[in-house]
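S.K.: Fold the following and give me the result.
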Amino acid sequence: MIPLWSSVELNTTDERLLADLESMRVRSGAAPLDQRVADLKKRVLELLEEELVNEAYEITRQSLPDARIFVQPLITWRSIHSTPNATANATLRFLTELLASNQRPLHGQVLLSGEFLKFKGSVAFLWT
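M.R.: Numbering: from 1, shown residues only. Now for the predicted structure:
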């Protein structure tokens, strides 16, 4: 799941946020995604070799979301060899937003094993 920069929109009138989104679009075009992912992964692995987990998360957090989505799970896997806490946290955040009824669109992903239309695999969805 990566942002498709041409279709990313913000529902805001805050000019600062709109400028930040445009900046991300421009920066994403400066280098191919595969190169940005490779560079970020290399820097993150160097930090993890030195057991600098917080620094690895921070450098990833500062990266564009389309590269971050590929590398951030690596940090979790290398540091705790599992993602149960992240999965539980994401579920709770999703439910909190859903129950708040604040009209924000939510996205998620679920792994199906034939439960819906006999589909097997990962499905992304948008709840509005």
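S.K.: these two touch, right, L33 and P65?
M.R.: No. Between L33 and P65 there is no contact under CB atoms under 8 Å: 11.0 Å. Using the backbone N, CA and C atoms, a C-beta is placed for each residue, glycine as well.
S.K.: Tell me where this structure has helices.
M.R.: 15-28, 33-49, 53-61, 65-80, 84-100 (DSSP state H).
S.K.: Export the ones you listed as a markdown table, with columns for distance to S113 and mean neighbour count.
M.R.: Below are the helices of the chain laid out as a markdown table (distance: least, CB to CB, whole Å; neighbours: other CB atoms under 10 Å):
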| stretch | distance to S113 | mean neighbour count |
| --- | --- | --- |
| helix 15-28 | 34 | 12 |
| helix 33-49 | 29 | 15 |
| helix 53-61 | 30 | 16 |
| helix 65-80 | 21 | 16 |
| helix 84-100 | 16 | 11 |
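S.K.: Serialize those helices to a markdown table and add fields for mean pLDDT.
M.R.: Shown next, in a markdown table, are the helices of the chain (pLDDT from 0 to 100):
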| stretch | mean pLDDT |
| --- | --- |
| helix 15-28 | 84 |
| helix 33-49 | 93 |
| helix 53-61 | 91 |
| helix 65-80 | 82 |
| helix 84-100 | 74 |
